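Enquirer: please work out how this folds:
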Amino acid sequence: MTDETKKSERIAKRMARAGLCSRRDAERWITDGRVVVNGEKLESPAFTVTETDTIIVDGNPLPKLERPRLWRYHKPVGLVTSHRDEKGRDTVFDDLPEELPRVISVGRLDLNSEGLLLLTNDGELARRLELPATGWKRKYRVRVHGHPKEHTLKILEKGLTIEGIRYAGIEATLDSSKGANSWMTISLREGKNREIRKVMDHLGFTVLRLIRVSYGPLQLGELETGEVEEVKSKILREQMGVEKFEDDDDDHEIAPARSRKPKDQGQYAPKNLNKAKPEKAAAPKKKGPLTPAERMERNTRGKQPMSREENPERGKRPTSREENPESGKRPTQDMDRKNRRKTSASSKQTRKRIR
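Expert: Take a look at the predicted model:
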């Protein structure tokens, strides 16, 4: 155990470090009377504790401090980044592998966004990574409806104010345009609620798809949708200043873990976003005369069947012999003679033309 964990610290910070909640949530829980220290219910978060104090939250002992851990998670579309949702929607924490400890997210991705979401068991680490002062860029691949011009990118770079809220400068580049839509790469250092969607909508461009591809030095890479992979302790120490714990193990390989409820999210995977879809090969043209069935299919292709108003006979069942005594009868001999006369006359006219 390090000296950092032995000295006294604020109760809210201690709760956050245990991965129970964020520091802000801890302060609210304390004022709600949900926290007891050494048998006394706290009324104010202005209280310090040490490792020897007994802390009870909602009737359960506060978990012992563990080494800070961090995971990369490929969030799919359709999950809320919250432990509980008032509307009863599925959350990212419902989707995580069962072997993971209790974790909280570093920032959020909204319901319709996807890509890299960082998870940690240490609330203090989460708070540190969320602060703009950390200087870490969050990079996104964004598809919008429309074709942003150079002046739009300059407006984003300078920053803008929307409904009294100031949004800092955003780095944006136009990658490609196809049809009515465009792909952009957008980078920012702060993450206000739905910032990219609000800013682009304010400029007249609806965001159709939003994928976070990196958070500081951590990349989404080849992580499949719904997969979780732990970041090695060495990276936490070198990139984030996390102190080494006794049980740190940097020698073993950490295999990605699948979510407990795999979903078919292949259409949202950010791999090969700029790769054009292969065109379907055209069916080879058939040589030679068409068969009667093929000729009939060609003649009727694309035609809509007539409605009952256009064709009153449509949908009627065939009449029976009782309803129509003439149905089912063979042609009479008179009809046979008439047909033979017509055929003979036609043949004579043909022979005259040939002569």
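
Enquirer: quick one, phi psi at Thr173?
Expert: Dihedral angles of Thr173 (phi, psi; degrees, to the nearest 10) stand at phi -130, psi 150.

Enquirer: same question, Ser82
Expert: phi -160, psi 150.

Enquirer: now swap in Leu70 and tell me
Expert: When read as degrees, to the nearest 10, the backbone of Leu70 gives phi -140, psi 140.

Enquirer: what number of residues are in the vicinity of it?
Expert: Per other C-beta atoms under 10 Å, the neighbour tally for Leu70 reads 24. In short, each C-beta sits where N, CA and C put it, glycine included.

Enquirer: surely it is in contact with Leu236?
Expert: Yes. Using C-beta atoms under 8 Å, Leu70 is in contact with Leu236, at 6.0 Å.

Enquirer: what residues do those two have in common as contacts?
Expert: In terms of C-beta atoms under 8 Å, 6 or more residues apart in numbering, Leu70 and Leu236 are both contacted by the residues Leu125.

Enquirer: ok, now which ones touch the closest residue in space to Arg10 that isn't next to it in sequence?
Expert: Excluding the flanking residues, the one nearest Arg10 by C-beta to C-beta, 6 or more residues apart in numbering is Thr48, at 5.8 Å. Going by C-beta under 8 Å, 6+ apart, Thr48 touches Ser8, Glu9, Arg10, Ile11.

Enquirer: what subset of these is buried?
Expert: When these are checked for burial by 16 or more other C-beta atoms under 10 Å, the buried set is Glu9, Arg10, Ile11.

Enquirer: quick check: Arg138 vs Arg67, distance?
Expert: Counting by C-beta to C-beta, to the nearest Å, the gap from Arg138 to Arg67 is 25 Å.

Enquirer: picking up where we left off before, with pLDDT and distance to Thr185 as added columns, please give the contacts of Thr48 in CSV.
Expert: Formatted as CSV, these follow (pLDDT from 0 to 100; distance: C-beta to C-beta, whole Å):
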residue, pLDDT, distance to Thr185
Ser8, 85, 46
Glu9, 87, 40
Arg10, 89, 40
Ile11, 90, 43
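
Enquirer: taking those, tell me the two that lie furthest apart.
Expert: Comparing every pair within these by C-beta to C-beta identifies Ser8 and Ile11 as the most remote, at 9.9 Å.

Enquirer: and Arg237, which of the three is it?
Expert: Here Arg237 is recorded as helix under DSSP: H, G, I helix; E, B strand; the rest coil.

Enquirer: residues near Val37, how many?
Expert: Val37 has 19 nearby residues by other C-beta under 10 Å.

Enquirer: quick check: phi and psi at it.
Expert: Residue torsions, per degrees, to the nearest 10, at Val37 are phi -120, psi 120.

Enquirer: which strand residues bridge it?
Expert: Beta-bridge pairing of Val37 under DSSP bridges involves Glu40, Ile55.

Enquirer: ok, now which ones touch it?
Expert: Per C-beta under 8 Å, 6+ apart, neighbours of Val37: Ile11, Phe47, Val49, Asp53, Thr54, Ile55, Ile56.

Enquirer: how about 7 Å then?
Expert: Counting by C-beta atoms under 7 Å, 6 or more residues apart in numbering, Val37 touches Ile11, Phe47, Val49, Asp53, Ile55.

Enquirer: with Lys158 instead?
Expert: Gly169.
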